[in-house]
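In: Quick one, fold the following:
(chains A and B)
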Amino acid sequence: MMSHVAFAVDMQALPGWHRSMTDDSLPVVKPRQDERELLRRIRQGEIERYADLIDLHQRHVIRIVGRRVPSDRVAEIVHDVFVRAYVNLGQFSESVPFDHWLTGIAIRTCYDFWRDQARHAVPVSSLTEEHHRWIEQTLSAQSDAQFRRQAETRDAAEVLEWALQQLSPENRAVLTLVHLDGYSVREAAQLLGWTLVNVKVRAHRARRALRNLLRHTSPRSAS
Amino acid sequence: MNQHTDIDVHKLERALVDSYRSRSGASYEVDVTQQVMRDVRRLDTEREGWTPPAMLDQLIWQTATRAAAVVLIAAMLTVGLFRLQSDGPALVAEDFEPAPLFEE
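Out: Okay, here's the model as predicted:
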């Protein structure tokens, strides 16, 4: 039986899974004068300068894409993000930092990737014995350190991927942005280019769907 | 059917969020610069003679504004000219009108 015994992590902190929702690993780079100059020159036709812009923002885009798509597709999607950004450079108004604008493109490109996957009915993986063991070990973790170690395992990433695969591309995109990355609903709506109400409703539904999935991951619930 | 409790679900959610955030994505040895630049050059060749969108937008707006200004000035001049032409005889008539045609 799965252990629900005392858990060293302060249970008061549990509601904080939806914690302060600003993920420090996704910093927003302040717009720089040299970057503005670079953009101006590219728009005036010096397209070779676009390579400098890619160099400036590539790590940021890889970080976003690397968390959202399978590892063997990261390079392809990052490439698509920068090509899309170039094609739409005329629409960048400089009212927001360039990397914020680029983040929106990266997120929408990843969303398109999952929409395409859904259209082609790519088979969804199922939980293995190892995953069920990971769930049991996570629930029975006796200390904060043990819990963190569990969260850093490959099995954890696979269980998360399994759960995300069960969601629609729309719910997946919103859940990733709001609950995993920690963006506010308003920021998520801006990045996806969707209405606030749409994102709010989807965030609620997506989290409920995730919770339902996790609720039924008990090995006995399947039997 | 056995299900996880709310507390268990909460713990699992937290573990998954931690798992997601521990993936920095920085470990990917990816450099797309060369491929992107190749595509960018190809795109640029395809739209040969095509002004970049930002400049095109600017050009369209500038042209539209100037055209609107010219039309406005022309319209004002035309209206003014017509007024002058139609007002001319009226003014002449007004000069004569004060004198009654038939005096008793």
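
In: quick one, what contacts residue B:36?
Out: A:50, A:51, A:54, A:79, A:82, A:83, A:86 (CB atoms under 8 Å, 6 or more residues apart in numbering or on different chains). The way it works is simple: take the backbone N, C-alpha and C, and place the C-beta from them, glycine included.

In: List the ones among those that fall in helices.
Out: A:50, A:51, A:54, A:79, A:82, A:83, A:86 (DSSP state H).

In: Is the last one in contact with residue A:51, as I believe?
Out: To tie it back to what came earlier, the one meant is residue A:86. No: judged on CB atoms under 8 Å, residue A:86 makes no contact with residue A:51 at a distance of 10.9 Å.

In: These two: which has the busier surroundings?
Out: Using other CB atoms under 10 Å in any protein chain shown as the criterion, residue A:86 and residue A:51 rank with residue A:86 on top: 20 against 16.

In: Return the residues in contact with that one.
Out: Per CB under 8 Å, 6+ apart, neighbours of residue A:86: A:50, B:36, B:40, B:43.

In: Which other helices and strands does whichever strand or helix holds residue A:41 contact?
Out: Using DSSP states H and E, the element containing residue A:41 is helix A:33-43. With contacts defined as 3 or more CB pairs under 8 Å, 6 or more residues apart in numbering or on different chains; DSSP states H and E, the packing partners of helix A:33-43 are helix A:50-66.

In: Now do the helix it packs on: distance to the chain's middle.
Out: Distance, stretch centre to chain centre, for helix A:50-66: 16 Å (CA atoms, centre = their mean, to the nearest Å).

In: which strands and helices sit next to it?
Out: helix A:33-43, helix A:74-87, helix A:98-119, helix B:33-46.

In: In TSV: those, plus distance to residue B:81.
Out: As requested, these are exported to TSV (distance: least, CB to CB, whole Å):
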stretch	distance to residue B:81
helix A:33-43	44
helix A:74-87	50
helix A:98-119	51
helix B:33-46	50
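
In: returning to that earlier point: tell me which residues of the helix holding residue A:41 are tucked away?
Out: A:35, A:38, A:39, A:41, A:42, A:43 (16 or more other CB atoms under 10 Å in any protein chain shown).

In: Kindly report the same for stretch A:189-197.
Out: Of the residues in stretch A:189-197, those buried under the neighbour-count criterion (16+ other CB under 10 Å) are A:189, A:190, A:191, A:192, A:194.

In: helix, strand or coil for the last one?
Out: Of the three states, residue A:194 takes coil according to DSSP: H, G, I helix; E, B strand; the rest coil.

In: right, and out of the contacts of residue B:36, which lies closest to residue A:183?
Out: residue A:82 (21.9 Å; CB to CB).
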